[in-house]
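Engineer: next comes the sequence, and after it the predicted model I'd like to discuss.
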Amino acid sequence: MSGKSIGLSDELHEYLLSVSLRESDVLRELREETAEHPESEMQIAPEQGQFLQMIVRMIGARRTIEIGTFTGYSALAVAQALPETGTLVACDRSETYTQVARRYWKKAGLADRIDLRIAPALETLDDLIAAGRQEAFDFAFVDADKTEYPDYHERCLALLRPGGVIAFDNTLRDGRVAEDNPESESVRATKRFNESLHSDERVHLSFLPLADGVTLAMKK
């Protein structure tokens, strides 16, 4: 028995995947192609994609948001878990990265569920708020510029219904958030965000040591 989360060796990680991962062929193909990308470190882990699918199904999400899409793995994972009438607003700045995403979304037959908006994410979120979409969404996945996490959090809180969930990625930053004075401003920003979220009484909170850290915030 253990009173804390354990670390995963490579062997234990492979075991975890062998007895739990149910990755579709199209997701696997997208993940394998992205592994050859020069920025492949931005790809989420497959077990993380499956975890997002579980959240979407558990809360009965129909309208979702993604901030940071890259080559589209997480968006495709979420879209697969949505009902036929479900939608995902995907926010990204890059036409180049998301060309790969569009190709796989089409291959999976789910392109019509994903509304990709190429613009700074805060602009897209503010547009949704201006359009009266407050409390219209059920779930948000945030995996983008860490210095803007506080701003993404505020917009998502406005856009999510009570009981809606925000999942923030990379909240462990390879363990560097535990350092007293990290060199990277991005890591320092993540530390500040983690601390601010801990004291935010507007949400229920769970910080999971999944992949590079996933923090769940459920709107009260």
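Structural biologist: Structure received.
Engineer: when you work out contacts or count neighbours from here on, use the C-alpha atoms and nothing else.
Structural biologist: Will do.
Engineer: which residue is nearest the centroid of the protein?
Structural biologist: Nearest to the mean C-alpha position of the chain, counting by C-alpha atoms, centre = their mean, stands residue 141 at 3.3 Å.
Engineer: who's in contact with it?
Structural biologist: For residue 141, the contact set (C-alpha atoms under 8 Å, 6 or more residues apart in numbering) comprises 65-67, 166-169.
Engineer: from those, which land in strands?
Structural biologist: 65-67, 166-169 (DSSP state E).
Engineer: which single one of the residues you listed is nearest to residue 113?
Structural biologist: When the ones in strands among the contacts of residue 141 are compared for distance to residue 113 (C-alpha to C-alpha), residue 65 wins out at 11.5 Å.
Engineer: returning to what we had before: show me which of the ones in strands among the contacts of residue 141 is closest to residue 130.
Structural biologist: Out of the ones in strands among the contacts of residue 141, the member with the shortest distance to residue 130 (by C-alpha to C-alpha) is residue 65, at 15.8 Å.
Engineer: check contacts around that closest one.
Structural biologist: Residue 65 neighbours (C-alpha under 8 Å, 6+ apart): 88-91, 137, 139-141.
Engineer: run a quick neighbour tally on the nearest residue to residue 147 once chain neighbours are set aside.
Structural biologist: Take residue 147 and drop its neighbours on the chain: the residue closest to it by C-alpha to C-alpha, 6 or more residues apart in numbering is residue 189, 5.3 Å away. Residue 189 is flanked by 19 other residues according to other C-alpha atoms under 10 Å.
Engineer: next one: residue 181
Structural biologist: 12.
Engineer: ramachandran coordinates for the residue nearest to the centre of the chain?
Structural biologist: For residue 141, the backbone dihedrals (degrees, to the nearest 10) come out as phi -120, psi 120.
Engineer: got it, and the one 3 residues further on?
Structural biologist: Its backbone dihedrals place residue 144 at phi -150, psi -150, with angles given as degrees, to the nearest 10.
Engineer: name the nearest residue to it, ignoring sequence neighbours.
Structural biologist: residue 68 is the one closest to residue 144 (C-alpha to C-alpha, 6+ apart), at 4.7 Å.
Engineer: do you have the helices of the chain handy? List them.
Structural biologist: Listed in chain order, the helices of the chain (DSSP state H) span 10-20, 25-34, 46-58, 73-81, 95-107, 121-130, 149-159, 185-198.
Engineer: now for those, which one comes closest to residue 212?
Structural biologist: helix 46-58 (9.6 Å).
Engineer: helices or strands up against the closest one?
Structural biologist: helix 73-81 (3 or more C-alpha pairs under 8 Å, 6 or more residues apart in numbering; DSSP states H and E).
Engineer: could you redo the last one with a cut-off of 10 Å?
Structural biologist: On a contact count with 3 or more C-alpha pairs under 10 Å, 6 or more residues apart in numbering; DSSP states H and E, helix 46-58 meets helix 10-20, helix 25-34, helix 73-81, strand 137-142, strand 160-169.
Engineer: so where's the chain uncertain?
Structural biologist: 1-2 (pLDDT under 70).
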